[in-house]
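# generate coordinates for the sequence data below:
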Amino acid sequence: MIIHLIHYPVSARRFVEPLVKSLNAQGIPSELWLENKEGFQEFTAAIDCPKRFARFDLSANPVVVLVRLLRLYARLLKSKPEAVHAHQTRAAFIPLLAALLARVPIRIYHTHGTPYLGYRGPLRAALWLLEFLNCRFATHVVAVAHSIRRKMIQHRIVGPSKCTVLGEGSACGIDLAEFSADQFDEQHKGKSRQELGIAADAYMVLYVGRPFRRKGFHVLLAAWQNVVAADSRDVLLIAGCTQADVVKAMGEPVRGVHAFGYRSDLRVCYAACDVVVLPSFHEGFGYSLLEGAAAARPLVGTDIPGIDSIVTRENGLLVPPGDGQALAEALLALKKDGALRQRMGHASRQYVEQCFDRRNFGRFMVDYYHQIGIGGNGTTNATSVRS
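Numbers count the residues shown, from 1 in each chain. Predicted coordinates:
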C-alpha cells in the first residue's frame, strides 16, 4: 500500500486524486490521506479514490505538532505501508517524520513549490530549513518543475541524485479531455461572456487564486488600475477572491474588477477571457496558467521558478516579481495586439498537448515507482532530469 498525504482538500482533488486513481488502475494499491477541513466538504465529497482523514498539517503550536506526529506515527505502524508519498512543504513535515520513525522504507517528498524563495530574512531562513528537513526525512524527492529542482540543488537543500522531475514537470499534468480544445473557440467565448455578463468586445484578464500577497494579488490590482481606462468595459475577472477581498486589499473598489469567490468549474472563465495572469512571488507549477494554456490563452506570469516552466517566449510574457509597472505594460501590450494574443494562445495549446497530457503522467509515476523499488522492477526514461 502506498499512502499519499496532502492536507488541503482542493489540492487533494486537483493534484493527488488523479495520481492515486492512476496508480490503482495500474495495479499499485494506493490511498489518499487528507484533512477533513470545514468549509471544503464539496471538494472532499467529490474525491472518489480510496481516502482516509487524518490531521497532519504543520502548526505553530509545538504541542499540536507533537500530538499530530504521535497519532500519525501510530496509524502508520498499524497500516504498515510500503511507501509514504507526502505532498507540499508545510503538510509534508509531520508525515515524513512519522514515516521515518515508523521505519517506512520508502518516503517520497513531492515538493509542489519552494515557498522560501518568496521571502526574506528570518521567515526565508525558517522556510528554507523546513524544505531542507523534508528532504532529509525523505528517501526520494520529486519536484514539479525543472527550475525548482535546479534552485533546490543550488541552495543545498537536496542533492542531484535524490531529486527528480517527472516528464516536463507539473504535479499530474492536465486532462485534455476535460479541457478539450473545442470548448474554448470563439463561439464558446461569446456564450461564456454572456453567462458572466461581460461585453463581447471587452478586454478580459483572468486571475485564479487567493487574495494573498505571495500570489501578487495586491500588485495585480494596482497594475490593473493602469490598464483599465475610465470609460472602458474591460474586466479583470478574479476567481478565488471576493469583492470584499479587493476592497480590503486596496481600501476601495477597483474599476473593472469582478470577483466572485470559489467556483468549482472554471472552464467558462477560461473560455471567456483573453489572457490568464499569475503574478506570484513564489509558486509551484501554477495550474491556473497550465489550464489557461490548455484553453489556448496567452499567459502573463512572474519570472520565478515554476512559472518559468509554463510561460515561454512563444506563449506569453514574463515580468519581474513585484514589478507592477512591468505587469501593466505586459497586459497593455496584449490588449493592443489581438494577433499576438492569437499566436501565443495557439502556442500555449500546442505546448500543453506536447508536454503535459495527464495520460502520460500516470505512466511516469508508475515507471518512477518501479525504478525506486515500488510495485515491480525495471528502469524508466520518464524521469527527465536536467542539469
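# other SSEs contacting the helix or strand that contains Val63?
When elements are defined using DSSP states H and E, Val63 is found to belong to helix 62-79. Under the contact definition 3 or more Cβ pairs under 8 Å, 6 or more residues apart in numbering; DSSP states H and E, helix 62-79 sits against helix 89-101. The way it works is simple: take the backbone N, C-alpha and C, and place the C-beta from them, glycine included.
# now do the strands in the stretch 51-200 of the chain.
Shown for the stretch 51-200 of the chain, the strands assigned by DSSP state E, counting those that start in this stretch span residues 51-53, 83-87, 106-111, 140-143, 163-165.
# and of those strands, who's closest to Trp128?
Proximity of the strands of the stretch 51-200 of the chain to Trp128 was assessed by Cβ to Cβ; the nearest stretch is strand 106-111, lying at 12.5 Å.
# just the C-alpha atoms of the closest one, please, in PDB.
Output for strand 106-111, consisting of C-alpha atoms alone and laid out as PDB, is shown next (Å, rounded to 0.1, in the frame of the first residue of the first chain):
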ATOM      1  CA  ILE A 106      10.400   4.500   1.100                       C
ATOM      2  CA  ARG A 107       9.500   8.100   1.900                       C
ATOM      3  CA  ILE A 108       8.800  10.400  -1.000                       C
ATOM      4  CA  TYR A 109       8.700  14.100  -0.600                       C
ATOM      5  CA  HIS A 110       6.800  15.700  -3.500                       C
ATOM      6  CA  THR A 111       7.600  19.400  -3.400                       C
END
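# and the residue of the chain positioned farthest from its centre, what pLDDT?
Relative to the average C-alpha location in the chain, and by Cα atoms, centre = their mean, no residue lies farther out than Asp231, which sits at 35.6 Å. What the model reports for Asp231 is a pLDDT of 74.
# what helix or strand is it on?
Under DSSP H and E, no helix or strand contains Asp231.
# chain neighbours aside, what residue packs nearest to Ala171?
Ranked by Cβ to Cβ, 6 or more residues apart in numbering and with sequence neighbours excluded, the top spatial neighbour of Ala171 is Phe15, at 4.0 Å.
# check Tyr73 too.
Beyond its immediate neighbours in the sequence, the residue positioned closest to Tyr73 (Cβ to Cβ, 6+ apart) is Ala98, lying 4.3 Å away.
# neighbours of the one you found, how many?
A total of 27 residues lie near Ala98 under the criterion other Cβ atoms under 10 Å.
# low-scoring pLDDT stretches of the chain, where are they?
Along the chain, segments meeting pLDDT under 70 span 376-387.
# domain map for it?
Per automatic domain parsing, the domain ranges recorded for the chain read 2-173+357-371, 181-355.
# straight-line length of the last one, end to end?
What it means is domain 181-355. Start-to-end span of domain 181-355 (Cα to Cα, to the nearest Å) is 16 Å.
# try stretch 306-322
Stretch 306-322 end-to-end distance (Cα to Cα) = 16 Å.
# chain center to it: distance?
Its chain's C-alpha centre lies 15 Å from the corresponding centre of stretch 306-322 when counted by Cα atoms, centre = their mean, to the nearest Å.
# thinking again about what came up before, the residue nearest to Tyr73 reaches Leu66, doesn't it?
No. Assessed by Cβ atoms under 8 Å, Ala98 is found out of contact with Leu66, at 11.1 Å.
# circling back: check contacts around the residue nearest to Ala171.
Applying Cβ atoms under 8 Å, 6 or more residues apart in numbering, one finds that Phe15 lies in contact with 6, 87, 112, 171-172, 287.
# how about a cut-off of 10 Å?
The contact partners of Phe15, taken as Cβ atoms under 10 Å, 6 or more residues apart in numbering, are 4, 6, 8, 87-88, 110, 112, 144, 170-172, 284-285, 287.
# on that earlier part again, can you add distance to Val205 and give the strands of the stretch 51-200 of the chain back as JSON lines?
Output for the strands of the stretch 51-200 of the chain, formatted as JSON lines (distance: least, Cβ to Cβ, whole Å):
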{"stretch": "strand 51-53", "distance to Val205": "36"}
{"stretch": "strand 83-87", "distance to Val205": "30"}
{"stretch": "strand 106-111", "distance to Val205": "29"}
{"stretch": "strand 140-143", "distance to Val205": "29"}
{"stretch": "strand 163-165", "distance to Val205": "30"}
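# looking at those, which is buried most?
Most buried of the strands of the stretch 51-200 of the chain by mean neighbour count (mean count of other Cβ atoms under 10 Å) is strand 83-87; its value is a mean of 28.
# what is the burial count for the spatially closest residue to Glu178 that is not a sequence neighbour?
With Cβ to Cβ, 6+ apart as the measure, Arg267 is the residue that lies nearest to Glu178, at 7.9 Å, once sequence neighbours are left out. Using other Cβ under 10 Å, Arg267 has 18 other residues around it.
# what sits against Arg267?
For Arg267, the contacting residues are 178-180, 183-184, 188, 192, 291, 294-295, taking Cβ under 10 Å, 6+ apart as the criterion.
# state the distance from Arg263 to Thr164.
Arg263 is 34 Å from Thr164, where distance means Cβ to Cβ, to the nearest Å.
# against Ala294, how distant is the residue nearest to Glu178?
Arg267 sits 9 Å away from Ala294, taking Cβ to Cβ as the criterion.
# same check on Glu35?
Separation of Glu35 from Ala294 (Cβ to Cβ): 29 Å.
# settle it for me: which of the two has more neighbours?
More neighbours surround Ala294 than the other of Glu35 and Ala294, with 27 against 19 (other Cβ under 10 Å).
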